[in-house]
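**Q** sequence plus predicted model, see below.
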Amino acid sequence: MKILVAVKRVVDHNVRIRVRPDGSGVETNGVRMSMNPFCKHAVEAAVQLAEAGQASEIVVVSIGPKASNDVILTALAMGAHRGILVETDAALETLAIAKLLAKVVDEEQPDLVLLGKQAVDDDSNHVGQMLAALTNRPQATFASEIKLDGHTLEVTREVDYGRETIDLALPAIVTADLRLNTPRNAALPMVMKARSKPLAVRPAAEFGVDLTPRLVVESVAPPAERAAGTTVASAIDLADIIVADVNEMEAI
Amino acid sequence: MGVLVLAELDNGTLSPATARVVAAAAKLGAIDLLVAGPRAAAEAGATLAGVAKVILATETVLADGLANLLAGLAPGYEHIAAAASTTGKDVMPRLAAQLDIQPVTDIVAILGANRFTRPIYAGNALQTLTDAQARHVLTFRASAFRPAAGGNAAPIETLDATVASAARFIAAHRTESDIPDLATAQIVVGGGVSVGSAEGFKLIEALGRSLGAAIGATRAAVDAGYAPNDWQVGQTGKIIAPDLYIAVGISGALQHIAGIQGAKKIIAINTDAEAPIVKIADVALIGDLFDILPQLTAELEKRGLKG
Ligand SMILES: Cc1cc2nc3c(=O)[nH]c(=O)nc-3n(C[C@H](O)[C@H](O)[C@H](O)COP(=O)(O)OP(=O)(O)OC[C@H]3O[C@@H](n4cnc5c(N)ncnc54)[C@H](O)[C@@H]3O)c2cc1C
Ligand SMILES: Nc1ncnc2c1ncn2[C@@H]1O[C@H](COP(=O)(O)O)[C@@H](O)[C@H]1O
């Protein structure tokens, strides 16, 4: 079985972001970048399937500027076999990303595509579902458990009411949630070895996809700041405050 | 042209999120509400103000089936909308790609027929955008909108369409409880990993009961197995906007704050006066939750408060 994993380079999730004063966006210059956390879970899931002898090849793909090479290298160090960088400096919308990935799926014909459930920059949570539509494959989003039995995938999904289990036949698209696994930190020898694994760089323009944005972002603003509050001394004082609050609440 | 809204269902009944999404979508035009579920849910949907008609379809839960159902109806509408729930997130991007539309999701403010505000970076920035496409696929954060009024009696039309799904539903693992719906609750009590055990969460639940509150948890508490996953609040959990959020033994990591930014008032109970949650709380009580919670719950019960 062949697995394709899509990984995105984003502002590291520990960085406290800053909105540019002119409202043009979030400052990414000089900010630490890393692989989107959900993508790490997707890579880990693929590597575990390979280690279990259930997958023979893991191809990792990232769409973005040249610097996205570093997240591909991270995935290769974790155990993926080869990488594809679809290079573009443009900030692409999720539909364009999904269309480019659909072209890669066309070329590579993977049995399983693993993605993160969302990228923590735009928090879109779109691409896996869009790719499933464009490639006409079944999808299982928000996966917290994956079991492969021959050509059938059993996926447990984290949903609003708890969890649910669904079955899907390969080829399929799965997006990873955080409780799917614990991503490994690649040891130094693996990091060294990653540099010798094949990494193809392909200009996005080569794929013949219309990448023109459909949305016009007018402004980006920081949320309203919460003013510092007061401290109370005891549970009794706190009860007074809560009772007063509840009495004031407007009934819905 | 009107708005097609996918009703949010929970175990076959209309979820409280639906009334909120209907209220939001009503700003865009007259609503046809698609209920892919039991007739009783359609009847509940027909009472919501702003609904012109309910379309009742065969019960469908999987994303490709729902997306196909919506795609079949789509040509008649300028806006197609759903809640930014796990169902809406599963279905709407798939539908959008099928229709070659770039969706706009997690909308928290409607500024015009095609102008919206949505949070990015875990709510640390708000993006205002214009959707220049002729048709729009949207999801709304239910917690950002007040529910639509009742009292309507919209007609119910039955749709004869069979939807096939390439995936197969095997089992639901539902967290059974009589606790109010977290995503739309007016009061929420949240517990962190410092609560220490599933047993410890009983203290959180007892405080919640005294207030008629829903219960939330941090990812750390869920990962540790102290609370079910559907209690998780934050960037990857539920987004809530209660009138009152009581954060117990929660540090206030930015991914957790992402889920509670809409709370009107935040109360923090924490041993650490320097915890980030204390810095943004309206009221803080510095101390050990194991001492404070029993006292606080007893005190509230004494005063006869109930939700
Ligand atoms: C991509 C990503 C997504 C994430 N999504 C989410 C999400 O959706 N929701 C979420 O919550 N987290 C999320 N996280 C995790 C988040 O970063 C934090 O790790 C988590 O919120 C911390 O949970 P906590 O506050 O329970 O634990 P801690 O940060 O360990 O805080 C424990 C707090 O309890 C206090 N305390 C200790 N003992 C007591 C006591 N006896 N009485 C009172 N107070 C006490 C401590 O002072 C401390 O402030 C995400 C992380 C990543 C990387
Ligand atoms: N530029 C990109 N390159 C590769 N994969 C991406 C890119 N953007 C999004 N993805 C994938 O799609 C997932 C969901 O992203 P999103 O829909 O943008 O929230 C991510 O976790 C990645 O797996």
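**A** Yep, that arrived. Ligands and ions are numbered 1, 2, ... in the order given.
**Q** quick check, B:Thr60 in contact with B:Ala67.
**A** No - judged on CB atoms under 8 Å, B:Thr60 makes no contact with B:Ala67 at a distance of 9.7 Å. All C-beta atoms are positioned from the backbone trio N, CA, C, and that covers glycine.
**Q** neighbour count for those two, which is higher?
**A** B:Ala67 (29 against 22; other CB atoms under 10 Å in any protein chain shown).
**Q** can I assume B:Ala134 sits in a helix?
**A** No - according to DSSP: H, G, I helix; E, B strand; the rest coil, B:Ala134 belongs to no helix; its state is coil.
**Q** residue of the stretch 51-200 of chain A nearest ligand 2, please.
**A** Nearest residue of the stretch 51-200 of chain A to ligand 2 (CB to the nearest ligand atom) works out as A:Gly116 at 2.3 Å.
**Q** look up how far A:Met190 lies from A:Val217.
**A** According to CB to CB, to the nearest Å, A:Val217 and A:Met190 sit 39 Å apart.
**Q** ignore the last one, B:Asn11
**A** B:Asn11 is 46 Å from A:Met190, by CB to CB.
**Q** what about the strands in the stretch 201-307 of chain B?
**A** In the stretch 201-307 of chain B, strands defined by DSSP state E, counting those that start in this stretch lie at B:214-217, B:244-248, B:265-270, B:283-286, listed in chain order.
**Q** mind checking what helix or strand follows the host helix or strand of A:Gln129 in sequence?
**A** Assigned by DSSP states H and E, A:Gln129 belongs to helix A:127-134. Sequence order places strand A:139-149 as the next helix or strand after helix A:127-134, per DSSP H and E.
**Q** quick check, the helix or strand following that next one touching chain B?
**A** With elements assigned by DSSP H and E, the helix or strand that comes after strand A:139-149 is strand A:152-159. Yes - judged by CB under 8 Å from any CB of the partner chain, strand A:152-159 comes into contact with chain B at A:Glu154, A:Thr156, A:Arg157, A:Glu158, A:Val159.
**Q** top of these by neighbour count?
**A** A:Glu158 leads these on contacts (other CB under 10 Å) with 25 neighbours.
**Q** tell me the pLDDT at it?
**A** According to the prediction, A:Glu158 has pLDDT 97.
**Q** for A:Pro213, see how far away A:Leu95 is.
**A** Between A:Leu95 and A:Pro213 the computed distance is 9 Å (CB to CB).
**Q** neighbour-wise, which of those two wins?
**A** More neighbours surround A:Leu95 than the other of A:Leu95 and A:Pro213, with 25 against 15 (other CB under 10 Å).
**Q** how about the helices in the stretch 151-252 of chain A?
**A** Applying DSSP state H, counting those that start in this stretch to the stretch 151-252 of chain A gives helices spanning A:188-194, A:235-248.
**Q** most packed of those helices?
**A** Greatest average neighbour count among these goes to helix A:235-248 (a mean of 16), per mean count of other CB atoms under 10 Å in any protein chain shown.
**Q** that one and chain B in contact?
**A** Yes - Helix A:235-248 is in contact with chain B by CB under 8 Å from any CB, via A:Ala235, A:Ile236, A:Asp237, A:Leu238, A:Ala239, A:Ile241, A:Ile242, A:Val243, A:Asp245, A:Val246.
**Q** which residues touch that helix?
**A** When contacts are defined by CB atoms under 8 Å, 6 or more residues apart in numbering or on different chains, helix A:235-248 is touched by residues A:232, B:187, B:211, B:243-244, B:246, B:265, B:267, B:269, B:283, B:285, B:292, B:295-296, B:299-300, B:303, B:305.
**Q** that one vs strand B:244-248, what angle?
**A** Helix A:235-248 runs at 150 degrees relative to strand B:244-248, counting by axes from the mean of the first three to the mean of the last three CA atoms, to 10 degrees.
**Q** how about chain A: which residue is closest to ligand 1?
**A** For chain A and ligand 1, the shortest gap (CB to the nearest ligand atom) falls at A:Pro37, measuring 3.9 Å.
**Q** surely B:Ser251 touches B:Lys279?
**A** No - B:Ser251 is beyond contact range of B:Lys279, at 10.8 Å (criterion: CB under 8 Å).
**Q** what residues are up against A:Glu44?
**A** By CB under 8 Å, 6+ apart, the residues touching A:Glu44 are A:Met78, A:Leu180, A:Asn181, A:Thr182, A:Pro183, A:Arg184.
**Q** could you do B:Thr105 as well?
**A** Taking CB under 8 Å, 6+ apart, we find B:Thr105 in contact with A:Ser124, A:Asn125, A:His126, B:Ala84, B:Gly88, B:Lys89, B:Met92, B:Pro93, B:Arg118, B:Leu138, B:Thr139.
**Q** most neighbours among those, which one?
**A** B:Pro93 (33 neighbours).
**Q** check contacts around it.
**A** A:Thr94, A:Ser124, A:Asn125, A:His126, A:Val127, A:Gln129, A:Met130, A:Ala133, B:Pro103, B:Thr105.
**Q** how close does the third one get to B:Ala171?
**A** If you measure A:Asn125 against B:Ala171 using CB to CB, the figure is 24 Å.
**Q** and the first one, by the same measure?
**A** Here the criterion is CB to CB. By it, A:Thr94 lies 31 Å from B:Ala171.
**Q** and the closest residue to ligand 2 within the stretch 1-150 of chain B, how far from ligand 1?
**A** Using CB to the nearest ligand atom, the closest approach of the stretch 1-150 of chain B to ligand 2 is made by B:Pro93 at 7.2 Å. From B:Pro93 over to ligand 1 the distance is 19 Å, taken as CB to the nearest ligand atom, to the nearest Å.
**Q** same question for B:Ile204.
**A** In terms of CB to the nearest ligand atom, B:Ile204 sits 11 Å off from ligand 1.
**Q** quick check: B:Asp106 touching B:Ala84?
**A** Yes - assessed by CB under 8 Å, B:Asp106 is found in contact with B:Ala84 at 4.7 Å.
**Q** name the residues contacting each of those two.
**A** In contact with both B:Asp106 and B:Ala84: B:Thr139, B:Phe140, B:Arg141, B:Ile239, using CB under 8 Å, 6+ apart.
**Q** select from those residues every entry located in strands.
**A** The members of those that map onto strands under DSSP state E are B:Thr139, B:Phe140.
**Q** next, format the shared contacts of B:Asp106 and B:Ala84 as CSV and append distance to B:Ala198 and pLDDT.
**A** Shown next, in CSV, are the shared contacts of B:Asp106 and B:Ala84 (distance: CB to CB, whole Å; pLDDT from 0 to 100):
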residue, distance to B:Ala198, pLDDT
B:Thr139, 33, 98
B:Phe140, 34, 98
B:Arg141, 29, 97
B:Ile239, 24, 95
